[in-house]
Structures are given as structure tokens and as C-alpha cells.
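Asker: Pasting the sequence and the predicted coordinates here, then a few questions.
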Amino acid sequence: MFHESRLDLALRTLVQQQRVAALGTLAPDGTPFVSMVPYVLLPQGPDMVLHVSGLAAHARHMQADPRVSLLVMQPEADGQGVHDLGRVTLLGKARFLAADEAGCQECREAYLNRFPEAEMMTQLADFRFVLVRLREARQVAGFGAARSLDAEQLSRCLGRNAPLSE
């Protein structure tokens, strides 16, 4: 029988339930830049897929320096202290996928399964899928409940061996 720890369940639930992340990139001069991106976690995990316009500043930044950070956070609720909000900072490397590249179709299907309203945008020439290979994370599951995870732990929590979501 599979046992899932409280922190693993909190991490998996957070990443699966939220649909947007704050994306941190680095401008060529080293200036940090944060933007909002919709994301989807690939079924075999723990890689994430973004769909971005080449006209966006964050796209240019990722092409120049593939190191990225994504913050996924629980939304605020009435009466809940902000320090108790669950959140995870995911660190990884971004790679733009060519339309004919192996795996691009899988990324497209996963993205459109979560964001069917984006179908029209997938037809636009300046939009591309970006695969973010997650390498580590820092999870805060509420005040006083924090941990760091490496790629193997992320894969276990979010990937092939994770229980299916309801």
C-alpha cells in the first residue's frame, strides 16, 4: 500500500489545483523579472509546460538564460493568516520546443487538456511550448512547515509514482 506524507500530499495538491505561477527569469543584464504564466504539470512529471509568446520579455530572458523559478501559491482565504498560505518555489531549466520535436505534441495535449480556451493561441506563430525541467524546490506548507526537495523527491511527489488526483 502506498503511503503519502502530509507534506507530499500538500505539495501535489497545491501544484495540481493551482493553474498559474509567478515565473522568475533573468534579463541579460542580470535584472530579475517576474511575470504570470499558466502552467501544466506533465502526467509523468515532474516537468512543467508553459506556452509563451516570443514577443514576451520572459521568453527572451529564458532563451538567453534558461534558469527559471516558479512560485505556486495557495490563494488567500478569509480569516487565514498570510504566513499560513501553502506555497512552493520550483527551480528548473527552461527549453523551448520545436513544433516537430518529439514530445511537443504531448506537451500541447497536456496544456490544452488543462486550458482548452488556449487552442487558438497554439495556432499563432509566435507562441511556443516551453518544457521546464524541475531540479529542486522549497515548499512551505504553512507556518513552521518547510522543506527543500531535490529532483528525485519532486519526481516521487509529482511524477510517475504519485497517486492519481481525484
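Answerer: Looks like it came in fine.
Asker: What is the neighbour count of Pro43?
Answerer: 14 (other C-beta atoms under 10 Å). The C-beta positions use only the backbone N, C-alpha and C, and glycine is treated the same way.
Asker: wait, what's in contact with the closest residue to it other than its chain neighbours?
Answerer: Once flanking residues are discounted, Pro43 sits nearest to Ala110: 6.6 Å by C-beta to C-beta, 6 or more residues apart in numbering. Residues in contact with Ala110 (C-beta atoms under 8 Å, 6 or more residues apart in numbering) are Val40, Leu42, Pro43, Val49.
Asker: Take those and write them to CSV, including distance to Thr89.
Answerer: As requested, the contacts of Ala110 are exported to CSV (distance: C-beta to C-beta, whole Å):
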residue, distance to Thr89
Val40, 18
Leu42, 19
Pro43, 23
Val49, 18
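Asker: Which of the residues you listed sits closest to Phe143?
Answerer: Val40 (29.3 Å; C-beta to C-beta).
Asker: so which helix or strand takes in the residue nearest to Pro43?
Answerer: Counting by DSSP states H and E, the element that carries Ala110 is helix 104-114.
Asker: Can you point out the buried residues in that helix?
Answerer: By 16 or more other C-beta atoms under 10 Å, the buried positions in helix 104-114 come out as Cys104, Glu106, Cys107, Arg108, Ala110, Tyr111, Leu112.
Asker: export these to CSV and tack on distance to Leu7?
Answerer: CSV is the format used below for the buried residues of helix 104-114 (distance: C-beta to C-beta, whole Å):
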residue, distance to Leu7
Cys104, 33
Glu106, 29
Cys107, 28
Arg108, 32
Ala110, 25
Tyr111, 27
Leu112, 31
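Asker: got the CA coordinates for stretch 26-38 in CSV?
Answerer: This file holds the C-alpha atoms of stretch 26-38, laid out as CSV (Å, rounded to 0.1, in the frame of the first residue of the first chain):
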residue,chain,number,x,y,z
LEU,A,26,16.8,36.8,-15.6
ALA,A,27,17.2,39.7,-18.0
PRO,A,28,20.5,39.7,-19.9
ASP,A,29,21.9,42.3,-17.6
GLY,A,30,21.0,40.1,-14.6
THR,A,31,18.0,42.0,-13.5
PRO,A,32,15.3,39.7,-12.1
PHE,A,33,11.9,39.8,-13.8
VAL,A,34,8.7,38.2,-12.6
SER,A,35,5.6,37.5,-14.7
MET,A,36,2.5,35.4,-14.5
VAL,A,37,2.2,32.2,-16.5
PRO,A,38,-0.4,29.4,-16.8
